[in-house]
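Trainee: I would like to see how this sequence folds:
(2 chains)
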Amino acid sequence: MAVKVYGAAMSTATVRVLLCLEEMGAEYELVPIDFSTGEHKSPPHVARNPFGQVPAFEDGDLMLFESRAISRYVLRKYKASGPDLLREGSLEESAMVDVWLEVEAQQYDKAISAIYIETVIKPVFFGGVPDEKVVAESAEKLGKVLDVYEARLSKSKYLAGDFLSFADLSHIPYTHHIVAGPQASLFESRPHVKAWWESLASRPAYKKVTTGTPTS
Amino acid sequence: MGVKVYGMPMSTNTVRVLAALNEKGVEFELVIVDLRTGAHKKPDFLALNPFGQIPALEDGDVVLFESRAINRYIATKYAEAGPDLLLSSGTPAERAVVDLWLEVESQQFGPPIAALVYEALIKPMLGGATDVTVVEAQATKLEKVLDVYEARLAQSKYLAGAEFTLVDLNHIPYTNYLMKTPKASLVTSRPHLLAWWQDISSRPAWQKTAAAIPF
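Mentor: The predicted structure is shown next:
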């Protein structure tokens, strides 16, 4: 039986899970949750995710939420049919994957998500106008984070080491939107970051999952 | 050569790592990196954590940062010692539920409680004044999260299931500080949450860790 993902195409967290499923060649069903009708706060969905967010995930009797937890489960479950993106066979490699996953969640996301909300969510879904001050401050923060990434990626091909891992893929959902807008310059101006991004964006799973998502 | 933790005992994220090491009975050396002197932004420390934040951990050739990643490493390396903090010998479903609640701590609980604790406790210590509107706003966000926790803990002794795991441990340092503020009422007013807090904060390993916090 195929696994189910309850989510939405414009949800970066949903895309994170879909990328992992596609990388591992897994069969899945995407069940759309309609934010415009408040479906994410409806009792059936809150029963899947008590925070009323997407994605939620179902594999038989197992219900999960939080995209990074779902992704870890998917990457383990389908390990035999795709790349080794968690490196759990090596204490040191898996530790580096975990470090850069935390960097993505704690450092990168905090800067880039604000740009995404202002320049994509507000205009596309609420007909609003970006707060340019917030965008400028967030872009500055993101630039400082990317300086660390530039230094890191000049020493190793991918974030956790010379191997592609879930830590790299976890960056895709937000970055996809931001490189379509004026803040692309933050990535273009840093050669190793640029090469790293282009490598991720050339992956078939990336192209499959991001076709049809809104860009700024 | 043993494990070295770079940080300071007042720092909740440093304490998160010390708590895990103590649960596992691992000997370590705490190398003080005093934020008040700007030591965290000096080249020696940036070589360990390029983001200039504490803690960092050194274990032989392995250098790690981000307290939650460090704790996964400790739980994995020392899986056989003390409690099985990641349920490494559990089923895929059990491991996934641990990962789920680890993410809840990181994504839902962490941001409002960190902001609240900073405003109510840390800022005054650094010579600033608490802005009560910020405390109230963060408390309102945190309450919604704690309502989910209360419902969860009514069905499950610990957050990830029947056993104490890294999930519960990762909550201890910030909750410890919350309990020193007037917003302790957010916990004391929720019976299952309070029972859980009393249980996990009475663990001998936490008592040992807490004794080293100068607060």
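Trainee: and the longest helix seen in chain B, anywhere near chain A?
Mentor: Selection of the longest helix in chain B by residue count, based on DSSP state H, yields helix B:132-153. Yes - Helix B:132-153 reaches chain A (CB under 8 Å from any CB of the partner chain) through B:145, B:148, B:151, B:152. (Glycine included, C-beta is placed from N, CA and C.)
Trainee: So which of those is the closest to chain A?
Mentor: Of all the residues of helix B:132-153 next to chain A, residue B:148 has the smallest distance to chain A: 4.6 Å, by CB to the nearest CB.
Trainee: immediately after the strand or helix carrying residue B:187, which helix or strand?
Mentor: In the assignment (DSSP states H and E), residue B:187 maps to helix B:185-188. The C-terminal neighbour of helix B:185-188 among helices and strands, as given by DSSP H and E, is helix B:191-201.
Trainee: Packing partners of the next helix or strand after that next one?
Mentor: Tracing the chain past helix B:191-201, the next element assigned as helix or strand by DSSP H and E is helix B:204-211. Helices and strands touching helix B:204-211, by 3 or more CB pairs under 8 Å, 6 or more residues apart in numbering or on different chains; DSSP states H and E, are helix B:12-23.
Trainee: pretty sure residue A:69 contacts residue B:105?
Mentor: No - using CB atoms under 8 Å, residue A:69 is not in contact with residue B:105; the gap is 11.1 Å.
Trainee: Looking at those two, which is more packed in?
Mentor: residue A:69 (24 against 20; other CB atoms under 10 Å in any protein chain shown).
Trainee: What separation do you get for the more buried one and residue A:136?
Mentor: 34 Å (CB to CB, to the nearest Å).
Trainee: do the same with residue B:12
Mentor: Taken as CB to CB, the span from residue B:12 to residue A:136 is 30 Å.
Trainee: More neighbours: those two, which one.
Mentor: Neighbours were counted for residue B:12 and for residue A:136 using other CB under 10 Å; residue B:12 has more, 21 against 12.
Trainee: Thought residue B:171 was touching the more buried one, still the case?
Mentor: No - counting by CB under 8 Å, residue B:12 stays clear of residue B:171, with 10.6 Å between them.
Trainee: Flag every residue of chain B that's near chain A.
Mentor: Counting by CB under 8 Å from any CB, chain B sits next to chain A at B:50-51, B:62, B:64-66, B:68-69, B:72-73, B:76-77, B:92-93, B:95-97, B:99-100, B:102-104, B:106-108, B:145, B:148, B:151-152.
Trainee: From those, list just the buried residues.
Mentor: Neighbour-count burial (16 or more other CB atoms under 10 Å in any protein chain shown) is assigned, among these, to B:50, B:64-66, B:68-69, B:72-73, B:76-77, B:95-97, B:99-100, B:102-104, B:106-108, B:145, B:148, B:152.
Trainee: Filter these down to just the ones in strands.
Mentor: B:64, B:65 (DSSP state E).
Trainee: Give me the helix or strand of the chain that scores worst on average pLDDT.
Mentor: By default, I'm working from chain A. One helix or strand of chain A scores below all others by mean pLDDT, DSSP states H and E: helix A:122-126, with a mean of 89.
Trainee: that answer is for a different chain, and I need it for chain B
Mentor: For chain B, judged by mean pLDDT, DSSP H and E, that is helix B:123-125, with a mean of 89.
Trainee: Would you mind listing what in chain A touches chain B?
Mentor: Residues of chain A lying near chain B (CB under 8 Å from any CB): A:50-51, A:61-62, A:64-70, A:72-73, A:76-77, A:91-92, A:94-95, A:98-99, A:101-103, A:105-107, A:145, A:148, A:151-152.
Trainee: Now residue A:154: closest residue in space, sequence neighbours ignored.
Mentor: residue A:192 (4.8 Å; CB to CB, 6 or more residues apart in numbering or on different chains).
Trainee: Am I right that residue A:106 falls within a strand?
Mentor: No - counting by DSSP: H, G, I helix; E, B strand; the rest coil, one finds residue A:106 to be helix, located in no strand.
Trainee: that older thread, what is the least confident helix or strand of chain B packed up against?
Mentor: Checking 3+ CB pairs under 8 Å, 6+ apart, helix B:123-125 ends up next to no helix or strand.
Trainee: Show me the contact partners of it.
Mentor: B:129, B:130 (CB atoms under 8 Å, 6 or more residues apart in numbering or on different chains).
Trainee: Distance from it to the middle of the chain?
Mentor: Distance of helix B:123-125 from the chain centroid (CA atoms, centre = their mean, to the nearest Å) equals 20 Å.
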